[in-house]
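Novice: Show me the folded form of this:
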Amino acid sequence: MNRIKYILFFLTIALAAMAEEVSFQASAPAQVIVGKPFQITYTGNQRSKDLRPPQFESFDVIAGPYSSQSQSTEWINGQRTTSFSQTYTYTLMAQKAGTFNLQPATITVGRQQYTSNGLKITVLPPDDTPQTQTQQSQVLIQALPE
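Specialist: Below is the predicted model of the structure:
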């Protein structure tokens, strides 16, 4: 009898965890600069596989995808709360200035496919102003004989 109670208890927890709505979000800076790397991330709240990113037209893929996961469990007043996050990260670099719409990515959770939001990224031209902090001054020192 106790064995049946334990099985039902764990089945209830498993079903509650599976019943959580799947979330899959894309994020990136709204504005980037031509020739400067930036990151785009796709984050979901369930274990996923088979990430299918959009075509990164007008962008060079510098690195990625890198995948990371985090999971936490809390017990508060006898109530258990579990959270999970899986993130895919790409490092991109824009090829030209303009406004670009990135199509959604897709992932597979279980046997279902889920789609992220699309992104609108404005690419600004390179900054032509001198960067005083990174410039080096040349100093000429002349030694005169005595």
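
Novice: Where do the strands of this structure begin and end?
Specialist: Taking DSSP state E to define them, one finds strands in the chain at 24-27, 31-33, 37-44, 49-52, 59-76, 79-94, 98-102, 106-109, 112-115, 119-124.

Novice: Let me have the ones you listed in TSV, adding mean neighbour count and mean pLDDT as columns.
Specialist: From N, CA and C alone the C-beta is placed, and that goes for glycine too. Output for those, formatted as TSV (neighbours: other C-beta atoms under 10 Å; pLDDT from 0 to 100):
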stretch	mean neighbour count	mean pLDDT
strand 24-27	17	96
strand 31-33	16	95
strand 37-44	19	96
strand 49-52	12	92
strand 59-76	12	93
strand 79-94	16	94
strand 98-102	14	96
strand 106-109	18	94
strand 112-115	13	94
strand 119-124	16	96
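
Novice: for the residue nearest to F84 when sequence neighbours are not counted, what are its contacts?
Specialist: Leaving out its chain neighbours, the residue that sits closest to F84 by C-beta to C-beta, 6 or more residues apart in numbering is Q71, at 4.8 Å. Residues in contact with Q71 (C-beta atoms under 8 Å, 6 or more residues apart in numbering) are 82-85.

Novice: Which strand residues bridge the spatially most central residue of the chain?
Specialist: Residue closest to the mean C-alpha point of the chain, counted by C-alpha atoms, centre = their mean, is T41 at 1.5 Å. Counting by DSSP bridges, T41 is bridged to S27, T89.

Novice: you'd agree it is up against L51?
Specialist: No: the pair T41 / L51 is not scored as a contact, 11.5 Å apart, by C-beta atoms under 8 Å.

Novice: which residues are common contacts for the two?
Specialist: Y88.

Novice: I'd like the C-alpha coordinates of stretch 95-112 written as PDB, please.
Specialist: The C-alpha trace of stretch 95-112 is given here as PDB (Å, rounded to 0.1, in the frame of the first residue of the first chain):
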ATOM      1  CA  GLN A  95      28.300  43.100 -42.000                       C
ATOM      2  CA  LYS A  96      26.500  46.300 -42.900                       C
ATOM      3  CA  ALA A  97      24.300  49.100 -41.500                       C
ATOM      4  CA  GLY A  98      20.500  48.900 -41.600                       C
ATOM      5  CA  THR A  99      17.500  47.400 -39.800                       C
ATOM      6  CA  PHE A 100      17.200  43.700 -39.900                       C
ATOM      7  CA  ASN A 101      14.400  41.300 -38.800                       C
ATOM      8  CA  LEU A 102      15.600  37.900 -37.600                       C
ATOM      9  CA  GLN A 103      13.100  35.200 -38.000                       C
ATOM     10  CA  PRO A 104      12.200  33.000 -35.000                       C
ATOM     11  CA  ALA A 105      14.200  29.900 -34.000                       C
ATOM     12  CA  THR A 106      12.600  26.500 -33.200                       C
ATOM     13  CA  ILE A 107      13.400  23.800 -30.600                       C
ATOM     14  CA  THR A 108      11.900  20.400 -29.800                       C
ATOM     15  CA  VAL A 109      10.600  19.600 -26.300                       C
ATOM     16  CA  GLY A 110       9.400  16.000 -26.200                       C
ATOM     17  CA  ARG A 111       7.800  15.500 -29.600                       C
ATOM     18  CA  GLN A 112       6.500  19.100 -29.800                       C
END
